[in-house]
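**Student:** structure for this input, please:
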Amino acid sequence: MADNKTTAWVRYVMPVMVEVDYEHDQVLRVVTLPEKIRQDRDDRGQFLVYDDQFIRRHDDDQLWLHASSEAEPRWQ
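**Tutor:** Numbers count the residues shown, from 1 in each chain. The predicted structure follows:
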């Protein structure tokens, strides 16, 4: 039986801010910054796209380009 999965994983980077009480060596709060999210790239500048088995796929194939464009987060 053929596997007809039509999913892909697209990797993003989102900054995280950590508030620390340095007098008591304690983390007080962790806050994400979703408005600063961006698609992650490798050292050659290519987007990081993976198939459903987490195997890296090159973003120059139409299937992976489409997945990459659809993955763009849309914040309300």
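**Student:** what mean pLDDT would you report for stretch 42-59?
**Tutor:** Per-residue pLDDT values across stretch 42-59 average out to 88.
**Student:** so residue 31 touches residue 17, yeah?
**Tutor:** Yes. Contact criterion CB atoms under 8 Å: residue 31 and residue 17 qualify, at 4.8 Å. All C-beta atoms are positioned from the backbone trio N, CA, C, and that covers glycine.
**Student:** ok, the residue nearest the centre of the chain - contacts?
**Tutor:** Nearest to the geometric centre of the chain sits residue 12, at 2.0 Å (CA atoms, centre = their mean). Neighbouring residues of residue 12 by CB atoms under 8 Å, 6 or more residues apart in numbering: 37-40, 71, 73.
**Student:** which SS class is the residue located most distally from the centre of the chain?
**Tutor:** Distance from the C-alpha centroid of the chain, by CA atoms, centre = their mean, peaks at residue 23 (34.2 Å). Residue 23 falls in the coil class when you classify it by DSSP: H, G, I helix; E, B strand; the rest coil.
**Student:** state the distance from it to residue 15.
**Tutor:** Residue 23 sits 25 Å away from residue 15, going by CB to CB, to the nearest Å.
**Student:** where does residue 62 land on pLDDT?
**Tutor:** On the pLDDT scale, residue 62 gets 75.
**Student:** okay, now it: neighbour count?
**Tutor:** 7 (other CB atoms under 10 Å).
**Student:** please apply the same query to residue 37.
**Tutor:** Residues within reach of residue 37, counting by other CB under 10 Å, total 15.
**Student:** nearest spatial neighbour of it, chain-adjacent residues omitted?
**Tutor:** Distance criterion CB to CB, 6 or more residues apart in numbering; nearest residue to residue 37, sequence neighbours excluded, is residue 14 at 4.4 Å.
**Student:** give me every residue that touches the one you found.
**Tutor:** 32-34, 36-37.
**Student:** in TSV: the residues you listed, plus secondary structure.
**Tutor:** Shown next, in TSV, are the contacts of residue 14 (three-state DSSP):
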residue	secondary structure
32	strand
33	coil
34	helix
36	helix
37	coil
